[in-house]
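# can you look at this prediction? I've put the sequence above it.
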Amino acid sequence: MKDTHLSLSQKRSNNIFILGIETSCDETSIGIVKNNQLLVNLIASQEKIHTCFGGIVPELASRAHLEKIIPIFNTATKTAGILPEQIDAIGVTNTPGLKGSLMVGVAFANGLGYSLKKPVYNVNHLSAHLAACYFDSSIQFPALGLVISGGHTSLFLLHSHTDMKLIGKTRDDACGEVFDKVGRMMNLPFPGGAYIEKLAQKGNEKRIKFPKAYIKDSLDFSFSGIKTAVYYYISKHGAENPADIAASFQKTMTDSILAKINDAIDLYPVKNFLFGGGVIRNSYMRNRITGHLARRNVRAIIPEPSLCADNGGKIAIFTRYLILSGAKPSPYRISVVPTQ
Ligand code: KG4
Ligand code: ZN
């Protein structure tokens, strides 16, 4: 193990191919980077499998990962134009996520690494969401980073690409979870986030005033109040004006996130603010956040939409920075830390 690590450090100045594997939830994905360049990023979404259940069914998720992972690996190496032996290192999400789903990716990564004699690095899924920004090589540290996904709303202070300190999180529902729950209240397919955004385009965001959640003297978030307010609105008025409900809800969520972004910049006056997670695919949010930060002289770094949600490309680029920071690979042990 030590030898593979050493040879990789020595190779720093040359071309390094890194494979990133992501199976923590309902996307089976493999990405390959050559240094800082993304060669391929294949994502097999399980949305069709889970949508009729209105949520992710863990057993079905791990079975689908098992079926997809080898074909995706074969296609990824072919598309990147490399042989498996040319892979220098492998990164894999081993926390947080669904236990069975994580196991599939981690077992595959370790089997592959062991047989190819290449090092395997365990990657934290949340850190990797922000690493989707690392294809931009002009990031200035310290920076702030916000992950808004289906499972997390987590605010980080970054001292380097790999040194991240959690400084705020949601005290109740995650941002994407609220989008999905409101989507369910409005009878939209699961996951509801993208459907709400589409509906909101035709709506009047000023029509309904939902209360904005705000926790004082803390960088923590809270969204359950907004969710409950939408629930009461629909219970009382029905969903006869769905576009206005969607637009007003989306605006309130964005206002509430912007309020915390302001607090974070007041406390940590950084020049760069990184974003990641499925919710930041939302173009209304992207535009408002970018504009707001620009007025505060902070650059918003938001990955292109395909890199925001769960994908292997962000695992691969984060692994690159782990290696550059001198991190040690894992000793070919299948070890996962699922979401509790
Ligand atoms: O990062 P991600 O793919 O998976 C997790 O790690 O959770 O995020 C999935 C979440 C879902 O809650 C989904 O509804 C939300 O991202 N999402 C959106 C949009 N696209 C995906 N939320 C709001 N607007 C969108 N356009
Ligand atoms: Zn995610």
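Thanks, I have the structure now. Ligands and ions are numbered 1, 2, ... in the order given.
# dihedrals phi and psi, whichever residue of the stretch 51-200 of the chain sits closest to ligand 2?
For the stretch 51-200 of the chain, the residue closest to ligand 2 is residue 149, as judged by C-beta to the ion, at 4.3 Å. (Each C-beta comes from the backbone N, C-alpha and C, glycine too.) Backbone torsions of residue 149, given as degrees, to the nearest 10, read phi -130, psi -170.
# and what of residue 40?
The phi/psi pair for residue 40 (degrees, to the nearest 10) is phi -160, psi 150.
# that one and residue 304, how far apart?
Note on residue 40: its distance to residue 304, by C-beta to C-beta, to the nearest Å, is 15 Å.
# what about whichever strand or helix holds residue 78, distance to the chain center?
If you go by DSSP states H and E, residue 78 is part of helix 58-80. Remark: helix 58-80 is offset 19 Å from the chain centroid, using C-alpha atoms, centre = their mean, to the nearest Å.
# tell me the buried residues in that helix?
Neighbour counts over helix 58-80 (16 or more other C-beta atoms under 10 Å) mark 58, 61-66, 68-69, 72-73, 76-77, 80 as buried.
# quickly check: that helix near ligand 1 or not.
No. Shown here: helix 58-80 not in contact with ligand 1 (C-beta under 6 Å from any ligand atom), separated by at least 12.0 Å.
# what's the closest non-adjacent residue to residue 96?
Nearest non-adjacent residue to residue 96, counting by C-beta to C-beta, 6 or more residues apart in numbering: residue 339, 4.2 Å away.
# identify the bridge partners of the closest residue in space to residue 264 that isn't next to it in sequence.
Nearest residue to residue 264 in three dimensions, chain neighbours excluded: residue 144, at 5.3 Å (C-beta to C-beta, 6+ apart). Counting by DSSP bridges, residue 144 is bridged to residue 157, residue 273.
# so between residue 40 and residue 304, which is more surrounded?
With neighbours defined as other C-beta atoms under 10 Å, residue 40 and residue 304 compare such that residue 40 has more, 22 against 10.
# tell me what that one is bridged to.
residue 32.
# any idea of the pLDDT on it?
At residue 40, the model reports a pLDDT of 98.
# also residue 95?
At residue 95, pLDDT is 97.
# residues near it, how many?
Residue 95 has 18 neighbours, counted by other C-beta under 10 Å.
# contacts only, for it.
24, 102, 122, 124-125, 336-338 (C-beta atoms under 8 Å, 6 or more residues apart in numbering).
# inside strands: which ones of these?
122, 124 (DSSP state E).
# which one (most neighbours) among the contacts of residue 95?
residue 24 (31 neighbours).
# show me what contacts the residue lying closest to that residue once chain neighbours are set aside?
Counting by C-beta to C-beta, 6+ apart, residue 24 lies nearest to residue 97, which is 2.8 Å off, once chain neighbours are set aside. Contacts for residue 97 (C-beta under 8 Å, 6+ apart) come out as 23-25, 125, 336, 338-339.
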